[in-house]
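>>> Sequence below, structure please.
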Amino acid sequence: GPLYQEALRLEERAERPRAAIKIVQKGLKETPRYGPLWFGAFRASEELDCNFWIDQVSSQLSCVPRVEMEPGKSELPKTMDNEIRSITRDLVKDSGSYTAVL
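Down below sits the predicted model:
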């Protein structure tokens, strides 16, 4: 249990949620009732889910026409992408769906 939890925390700090989930799966096979691993699974899954939706929104924003602020500089899509990434996860989630951002 605790060994897997430490490996999980290492992967979380390295921002590798897929690797974290693999570690959790191995750890829960050995100690299925170890609570900290379950919470780690929730965190890693949430991270993957949020990353997926951020990528989806960003890809949709790439279709937005660019507005030239100065000759040779386009600021709008870059600014919008930064703003979307700054939205907290609580605001992105709307009762289990992600329609609030779209």
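>>> make it CA atoms for all contacts and neighbour counts henceforth
Will do.
>>> quick check: mean pLDDT across the top helix by length along the chain?
What stands out as the longest helix in the chain, according to DSSP state H, is helix 35-61. Mean per-residue pLDDT for helix 35-61: 88.
>>> Can you list the residue ranges for helices in this protein?
Under DSSP H, the chain gives helices at 2-13, 17-30, 35-61, 76-86, 89-92.
>>> Dump those to TSV, plus mean neighbour count.
Formatted as TSV, the helices of the chain follow (neighbours: other C-alpha atoms under 10 Å):
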stretch	mean neighbour count
helix 2-13	16
helix 17-30	18
helix 35-61	16
helix 76-86	13
helix 89-92	13
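>>> Confirm for me that residue 12 is in contact with residue 22.
No - Residue 12 lies out of contact with residue 22 (C-alpha atoms under 8 Å); the separation is 11.9 Å.
>>> returning to that earlier point: for the longest helix of the chain, packing partners?
helix 2-13, helix 17-30, helix 76-86 (3 or more C-alpha pairs under 8 Å, 6 or more residues apart in numbering; DSSP states H and E).
>>> now those helices as TSV including distance to residue 40?
TSV is the format used below for the helices and strands packed on helix 35-61 (distance: least, C-alpha to C-alpha, whole Å):
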stretch	distance to residue 40
helix 2-13	7
helix 17-30	7
helix 76-86	22
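>>> For residue 33, grab phi and psi.
phi -110, psi 20 (degrees, to the nearest 10).
>>> what sits against it?
By C-alpha atoms under 8 Å, 6 or more residues apart in numbering, no residues touch residue 33.
>>> Tell me how far it lies from residue 24.
12 Å (C-alpha to C-alpha, to the nearest Å).
>>> Check residue 49 too.
Distance from residue 49 to residue 24, by C-alpha to C-alpha: 17 Å.
>>> and what of residue 60?
Noted for residue 60: a distance of 33 Å to residue 24, by C-alpha to C-alpha.
>>> With residue 46 instead?
Applying C-alpha to C-alpha, the value for residue 46 to residue 24 is 14 Å.
>>> Lovely, talk soon.
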